Every structure is written in C-alpha cells, then in structure tokens.
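> Kindly generate the corresponding structure for this input.
(chains A and B)
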Amino acid sequence: GENVEQHPSTLSVQEGDSAVIKCTYSDSASNYFPWYKQELGKRPQLIIDIRSNVGEKKDQRIAVTLNKTAKHFSLHITETQPEDSAVYFCAATPYNTDKLIFGTGTRLQVFP
Amino acid sequence: DAMVIQNPRYQVTQFGKPVTLSCSQTLNHNVMYWYQQKSSQAPKLLFHYYDKDFNNEADTPDNFQSRRPNTSFCFLDIRSPGLGDAAMYLCATSLRDANQPQHFGDGTRLSIL
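Numbers count the residues shown, from 1 in each chain, chains lettered A, B, ... in the order given. Just a heads-up that it's a prediction; the model follows:
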C-alpha cells in the first residue's frame, strides 16, 4: 500500500524567510496530493492541492511542486508570517481509492 | 459557514461507558470519514462510507462502530471506551470523483475518566 514520508518534522524560520516541506510517496499510481494546515486544537484545513497531471501550482505565497518520476512533492511558503505557524500535513490519494494517506506532519514555527 | 458539523465539541465519558459522536454535513458529499487523531500525530482513518457502503480499516478495533442513516449524518459509536481512546475524533467528507479534497469538521475531543 501507499506510504508517505514527510520531512522535516519541525521547522523554525524567521518571519519573511521561506519554508519548504518535502514529502515522498511510494505508490506511483497515486494521483492526488493535498496539503493541510492544522492550527492547535483546530481542524485540518486544505491550503493547496495538486493533481498528477500538473508539475506546479501556486496560490499567492504558497506553492506546491510535484515530481512524478522521483515520487516526491514539496510545499513552499514564501514571505512567512507568524500566522503561518501550525502543523502541516501532506497526503496522497492512491489511484481508485477514496482514502488519504497522510505524512507524519511538520511543525512550522515562524518567529517575528 | 461550517459545512461539516461535529457535536459535541468536547465529550467526557467514563471508562467503559458507551459514547456516540455525531457528524452532519451540508455539502451533499457521498463519502464520509471518521478519523482518530492523537496529539502531534497525523489523523488515523478508522472507517469511511461511500453512500451506505461501509469500509472498515483493517486495524480499527471492534470497539469502534459507525452508522450512516442518511447522506447528511454519520455517527461514531465507541462501545467500551478505554483510556487509550482519548483523542480528537475528526469527521470529513468528500465527493467520490477524480481527486476531490476532503473537508474536515472541527472535531470532537473525547476525554475518558
């Protein structure tokens, strides 16, 4: 079955710097890759997603890149702000399933 | 504009006393999920429904059951809660279609006394 690895587990950056979180997946047939942001005590919120027919997607300060050959995808946050501090989860959906396989999460801290 | 609504937000029960958590949705999504999330961990899928078709994860304990009486509602029953079942329980919904996102409720935090 699908397995998703996520690195780093914690990431501290200065406000205004960029943050990059990387995930790798094992099932080459996986075709959908969402990223969720979860603040303490709150629900996971979808922040961006990418489908397997696209290599990059951007939404304001957030971008996701996908390398299908290498089976990895990354979240890029530019001009980080303290309100970006949260736990970020990557996930992959194996082909022809309804499930999300989550990575282990990255705790991002942005210091003012 | 909460579209996946979980009740209650906080639930306290006694060790071994059955408890039911509820989830409702206004999105008319055909797939509903229940996750268990313990602190600092990723959500762990317990089971999901595609319409009325129930799909249990292989490692979900028998202590956990679910009901989906109609499209809008889904319930999680914990028959005999143990201390290890204290967690956040998240409900999510999605459309069964190519690559649709899951939308999460705010969760129910379950405490066991």
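> middle-most residue in chain B, spatially?
B:W34 (2.9 Å; C-alpha atoms, centre = their mean).
> who's in contact with the helix or strand hosting that residue?
Using DSSP states H and E, B:W34 maps to strand B:31-37. Under the criterion C-beta atoms under 8 Å, 6 or more residues apart in numbering or on different chains, residues A:98, B:23, B:25, B:43-50, B:64, B:66, B:68, B:74, B:76, B:85, B:87-96, B:102, B:107 lie in contact with strand B:31-37. C-beta coordinates here come from the backbone N, C-alpha and C atoms, glycine included.
> Separate out the buried members of those residues.
A:98, B:23, B:25, B:43-49, B:64, B:66, B:68, B:74, B:76, B:85, B:87-95, B:102, B:107 (16 or more other C-beta atoms under 10 Å in any protein chain shown).
> which element is A:H76 on?
Using DSSP H and E, A:H76 sits in strand A:72-77.
> what does the next helix-or-strand element following that strand rub up against?
Sequence-wise, the next helix or strand downstream of strand A:72-77 (DSSP H and E) is strand A:86-92. Contact with strand A:86-92 is made by A:2, A:4, A:6, A:21, A:23, A:25, A:27, A:30, A:32-40, A:44, A:47, A:73, A:75, A:100-103, A:105-108, B:40, B:42-43, as judged by C-beta under 8 Å, 6+ apart.
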